[in-house]
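>>> Provide a 3D model corresponding to the input given below.
(one chain, ligands or ions: 1)
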Amino acid sequence: MNAEYFCACCRAPFVNPHPLDEQGRCALCRRGLTGFDAAYAYGAYEGTLRQLIHLFKYDGIRTLAGPLAELLLAALPRQERFDGIVPMPLHWRKRWQRGFNQAKLLAEALSRRTGIPVLEAVRRRRATPPQAGLSNAERRRNVAGAFEVRRRIPLEGRRLLLVDDVFTTGATAGACAAALKRAGAERVSVLALARTDRRLMWLAPAQPRPQSMAIGAS
Ligand SMILES: [Zn+2]
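Residues are numbered from 1 along each chain as shown. You can find the predicted model right below:
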């Protein structure tokens with residue numbers, strides 16, 4: 001990613017400083033639209049990292065969870081303390097199709113390396129249509145209300161690390177973080193292996209969504 005400037009909050013990359021305010025925040029963070037407090041990723045969703053994530057997620061090479069968790073560990077901010085690692089939930093139907101939740105495998109592997117417990121604190125209430133080809137606002141509407149916090153896990157005052165494989169616009173992570181915060185979490189940071197470049201997304205043409213992909217890859 002050839003970016004010179006990054007949002008101080010969500011670390012979205014920008015080619016020049018104009019989208020950032022005096023505190024270094026992007027427009028979404030400035031307006032409080034992100035839902036989370038910070039977002040970190042190991043690298044850009046391209047090249048070898050993208051290939052590894054595909055092998056892990058779509059080809060089902062689950063043993064990659066360990067090596068990939070090492071990358072998460074490298075991207076984990078040393079200055080933050082966390083009480084729990086929350087895997088980004090998959091809708092049960094998608095988990096059934098894939099056979100596993102890739103975020104849960106990553107969270108467990110990261111937990112073994114850090115000693116921070118995994119808290120399966122949230123679940124998907126409904127399957128969300130694929131986000132590809134949607135604008136930022138459409139993505140936010142798409143995922144609003146998609147998450148439900150499990151009441152038996154106390155979150156009051158907890159500082160949580162929400163783990164996912166890929167961070168796209170942050171709309172899904174933001175909706176999930178907002179649900180965790182409504183349940184009492186004090187702080188929610190997002191950690192992903194890779195992030196897509198928000199600037200490139202604007203350039204991608206909106207594609208008609210085939211019906212067969214009602215439960216899309218995300
Ligand atoms: Zn931001």
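
>>> check contacts around residue 171.
131, 136, 139-140, 142-143 (CB atoms under 8 Å, 6 or more residues apart in numbering). In this view, the C-beta of every residue, glycine as well, is placed from N, C-alpha and C.

>>> most neighbours among those residues, which one?
Highest neighbour count within the contacts of residue 171: residue 143, with 24 neighbours (other CB atoms under 10 Å).

>>> just to revisit the earlier point, could you provide the contacts of residue 171 in a markdown table, with additional columns for distance to the ion, pLDDT and secondary structure?
Converted to a markdown table, the contacts of residue 171 look like this (distance: CB to the ion, whole Å; pLDDT from 0 to 100; DSSP: H, G, I helix; E, B strand; the rest coil):
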| residue | distance to the ion | pLDDT | secondary structure |
| --- | --- | --- | --- |
| 131 | 18 | 76 | coil |
| 136 | 12 | 75 | helix |
| 139 | 15 | 81 | helix |
| 140 | 14 | 79 | helix |
| 142 | 20 | 81 | helix |
| 143 | 17 | 82 | helix |
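
>>> would you list those residues in a markdown table and tack on distance to residue 184?
Shown next, in a markdown table, are those (distance: CB to CB, whole Å):
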| residue | distance to residue 184 |
| --- | --- |
| 131 | 28 |
| 136 | 28 |
| 139 | 26 |
| 140 | 23 |
| 142 | 25 |
| 143 | 21 |
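
>>> which pair in those spans the largest distance?
The largest separation in the contacts of residue 171, counting by CB to CB, is between 136 and 143 at 11.5 Å.

>>> residue 61 reaches residue 54, doesn't it?
No: judged on CB atoms under 8 Å, residue 61 makes no contact with residue 54 at a distance of 9.5 Å.

>>> surely residue 160 forms part of a strand?
Yes: counting by DSSP: H, G, I helix; E, B strand; the rest coil, residue 160 is found in a strand.

>>> hmm, it is touching residue 191, no?
No: using CB under 8 Å, residue 160 and residue 191 do not qualify as a contacting pair, with a distance of 10.4 Å.

>>> would you list every one of the strands in the protein?
Taking DSSP state E as the test, the strands found in the chain are 5-6, 13-14, 38-44, 84-87, 122-124, 147-149, 159-167, 187-195.

>>> now render the ones you listed as a markdown table, adding distance to residue 107 and mean neighbour count.
Converted to a markdown table, these look like this (distance: least, CB to CB, whole Å; neighbours: other CB atoms under 10 Å):
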| stretch | distance to residue 107 | mean neighbour count |
| --- | --- | --- |
| strand 5-6 | 25 | 16 |
| strand 13-14 | 25 | 17 |
| strand 38-44 | 14 | 19 |
| strand 84-87 | 4 | 25 |
| strand 122-124 | 12 | 20 |
| strand 147-149 | 16 | 19 |
| strand 159-167 | 5 | 25 |
| strand 187-195 | 9 | 25 |
